[in-house]
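Visitor: Based on what follows, work out the 3D shape:
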Amino acid sequence: QVRLVESGGGLVQAGGSLRLSCVASGRSLSVNRMAWYRQAPGKERELVASITRDDNTNYADSVKGRFTVSRDSAKNAVYLQMTSLKPEDTGVYYCTGDITVIGYGSRRSYWGPGTQVTVSS
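Guide: Next up is the predicted model:
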């Protein structure tokens, strides 16, 4: 069974920083691309940042220069360092990973339950 769990969300004032963490757990995992998405109230879920096994990164235009995605492949973990936070960054942040359970089938996407980030003005 594959499980992703996010942590690090919370309430922060505009201009502040937060660091989100996500760890994928399970037996015999091969973790490829990992990413962070967010969903604000009344809006669709959107990609925030992604990172491949080769550490190639991609960011939404709205977070470029403020957010940094990184990973620790040995721990099957992905991180999102968020700085200069704005009220419009408020939302539920979800971690996802493209994962293969070795010996048990093809690669698929798994999602965490999400962590709330609230930025006050």
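
Visitor: give me the low-pLDDT residue ranges for the chain?
Guide: Of all residues in the chain, none has pLDDT under 70.

Visitor: Double-check residue 78 against residue 71; I have them as touching.
Guide: Yes: in this structure, residue 78 is within contact of residue 71 by Cβ atoms under 8 Å, at 4.6 Å. All C-beta atoms are positioned from the backbone trio N, CA, C, and that covers glycine.

Visitor: Which of these two has more residues huddled nearby?
Guide: residue 78 (28 against 20; other Cβ atoms under 10 Å).

Visitor: ok, what's across the strand from the most centrally placed residue in the chain?
Guide: The residue lying closest to the centre of the chain (Cα atoms, centre = their mean) is residue 36, at 2.8 Å. Residue 36 has the following beta-bridge partners by DSSP bridges: residue 49, residue 95.

Visitor: Please determine how far it is located from residue 121.
Guide: Look at residue 36 and residue 121: by Cβ to Cβ, to the nearest Å, they are 23 Å apart.

Visitor: Check residue 60 too.
Guide: Distance from residue 60 to residue 121, by Cβ to Cβ: 21 Å.

Visitor: quick one, which of the two is more surrounded?
Guide: residue 60 (15 against 9).

Visitor: Would you agree that one is in contact with residue 45?
Guide: No: taking contacts as Cβ under 8 Å, residue 60 lies outside contact range of residue 45: 11.8 Å.

Visitor: show me what contacts residue 98?
Guide: By Cβ atoms under 8 Å, 6 or more residues apart in numbering, the contact list for residue 98 reads 31, 32, 33, 34, 107, 108, 109.
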